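S.K.: Model the following, please.
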Amino acid sequence: MPRPQKHVFVCNQARPAGHPRSSCTEKGCKTVSDEIFRQWQERNLFGQIAVTASGCLGPCNIGPSVLIYPDNVMYGPVTVEDVTEIFEKHLIGNEVVERLQAPADIW
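M.R.: Numbering: from 1, shown residues only. I've put the predicted structure just below:
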């Protein structure tokens with residue numbers, strides 16, 4: 001397998017209900033993660049982009065969180081409706097989706 005141009009990490013952290021930090025699972029990351037994997041497969045981007053379901057990425061208060069390397073860009077909160085824009089603008093078009101970017105004081 002060739003080295004991917006980009007690597008997408010999708011937070012799938014689960015904590016008990018009512019945990020003070022919350023979690024991306026509590027905020028719907030499963031549907032976001034499923035849509036990212038679906039579009040990755042549908043677009044046949046296996047050689048260009050790697051996708052990994054990850055544990056906690058840090059800023060639980062803005063979840064669901066998506067982190068893209070080597071661009072060092074974190075998005076959040078991400079919804080299922082945002083996934084297509086992330087693919088088309090950032091992952092394929094190399095343009096950061098500024099409206100979804102995590103605030104500078106978080107990432």
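
S.K.: Beyond the longest helix seen in the chain, next helix or strand please.
M.R.: Ranked by number of residues, the top helix in the chain under DSSP state H is helix 29-42. Remark: after helix 29-42, the chain's next helix or strand is strand 49-54, criterion DSSP states H and E.

S.K.: Report the contact partners of the spatially most central residue of the chain.
M.R.: Nearest to the mean C-alpha position of the chain, counting by CA atoms, centre = their mean, stands Val66 at 2.1 Å. Counting by CB atoms under 8 Å, 6 or more residues apart in numbering, Val66 makes contact with 8-11, 32, 36, 74-76, 78, 86. Backbone N, C-alpha and C define where each C-beta goes, glycine included.

S.K.: List just the nearest of those residues to His19.
M.R.: Nearest to His19, judged by CB to CB, of those is Cys11 at 14.4 Å.

S.K.: Can you list the low-confidence ranges for this protein?
M.R.: 1 (pLDDT under 70).

S.K.: Give me the outermost residue of it relative to its centroid.
M.R.: Gly18 (23.3 Å).

S.K.: returning to that earlier point: just give me the closest of the contacts of Val66 to Ser23.
M.R.: Nearest member of those to Ser23, counting by CB to CB, is Cys11, at 8.3 Å.
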